[in-house]
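Asker: show me the folded form of this:
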Amino acid sequence: MYLTTEKKQEIFSKHGKSAQDTGSAEGQVALFTYRINHLSQHLKVNRHDFATERSLVKLVGKRKSLLDYLKNKDIERYRAIIAELGLRK
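Answerer: This is a model prediction of the structure:
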């Protein structure tokens, strides 16, 4: 499996407040970005996997809505997570 418990804890400890803080917007955005990157690599090899393509589009939408929430709530946190993850916003 590509997303183990240790990997999740590493993502949340790096981008969230702690490894136990799985509900922070920054941690969720980082997790979604990791999953989006993994699914993108999968789709480069398996072009006709339409179920994965649909789940990728849904994940991108979830990440976008979380980023919009973060931008409206606290613009500094939004700018920090965009710079950390290297997203194009």
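Asker: okay, CA-based contacts and neighbour counts for the rest of this
Answerer: OK.
Asker: the worst-scoring helix or strand of the chain on mean pLDDT packs against which elements?
Answerer: Taking mean pLDDT, DSSP states H and E as the measure, helix 5-15 is the helix or strand of the chain with the lowest mean score, a mean of 91. Counting contacts by 3 or more C-alpha pairs under 8 Å, 6 or more residues apart in numbering; DSSP states H and E, helix 5-15 is packed against helix 25-45.
Asker: spatially central residue for this protein, please.
Answerer: Phe32 (2.1 Å; C-alpha atoms, centre = their mean).
Asker: ok, that residue to His42 distance?
Answerer: From Phe32 over to His42 the distance is 15 Å, taken as C-alpha to C-alpha, to the nearest Å.
Asker: circling back to that earlier point, so what's the residue nearest to the centre of the chain up against?
Answerer: Leu59, Val60, Arg63 (C-alpha atoms under 8 Å, 6 or more residues apart in numbering).
Asker: what inclination does the helix or strand containing Ala51 have with respect to helix 25-45?
Answerer: Assessed by DSSP states H and E, Ala51 sits inside helix 50-73. Counting by axes from the mean of the first three to the mean of the last three C-alpha atoms, to 10 degrees, helix 50-73 lies at 150 degrees to helix 25-45.
Asker: which helices and strands does helix 50-73 pack with?
Answerer: Under the contact rule (3+ C-alpha pairs under 8 Å, 6+ apart), helix 50-73 is packed against helix 25-45, helix 75-85.
Asker: quick one: buried residues of the longest one?
Answerer: Meaning helix 25-45. 25-36, 39, 43 (16 or more other C-alpha atoms under 10 Å).
Asker: tell me how far that helix lies from the chain's centre.
Answerer: 5 Å (C-alpha atoms, centre = their mean, to the nearest Å).
Asker: list of residues touching stretch 9-19?
Answerer: Gln20, Asp21, Thr22, Ser24, Ala25, Glu26, Gly27, Gln28, Ala30, Leu31, Ile81.
Asker: for that stretch, list the C-alpha coordinates in CSV.
Answerer: The C-alpha coordinates for stretch 9-19 follow below in CSV (Å, rounded to 0.1, in the frame of the first residue of the first chain):
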residue,chain,number,x,y,z
GLN,A,9,1.9,10.7,10.6
GLU,A,10,5.0,12.1,8.8
ILE,A,11,2.8,14.3,6.6
PHE,A,12,0.7,15.5,9.5
SER,A,13,3.7,16.2,11.7
LYS,A,14,5.4,18.1,8.9
HIS,A,15,2.5,20.2,7.8
GLY,A,16,0.1,20.1,10.7
LYS,A,17,0.5,21.2,14.3
SER,A,18,1.4,17.6,15.4
ALA,A,19,1.2,14.0,14.2
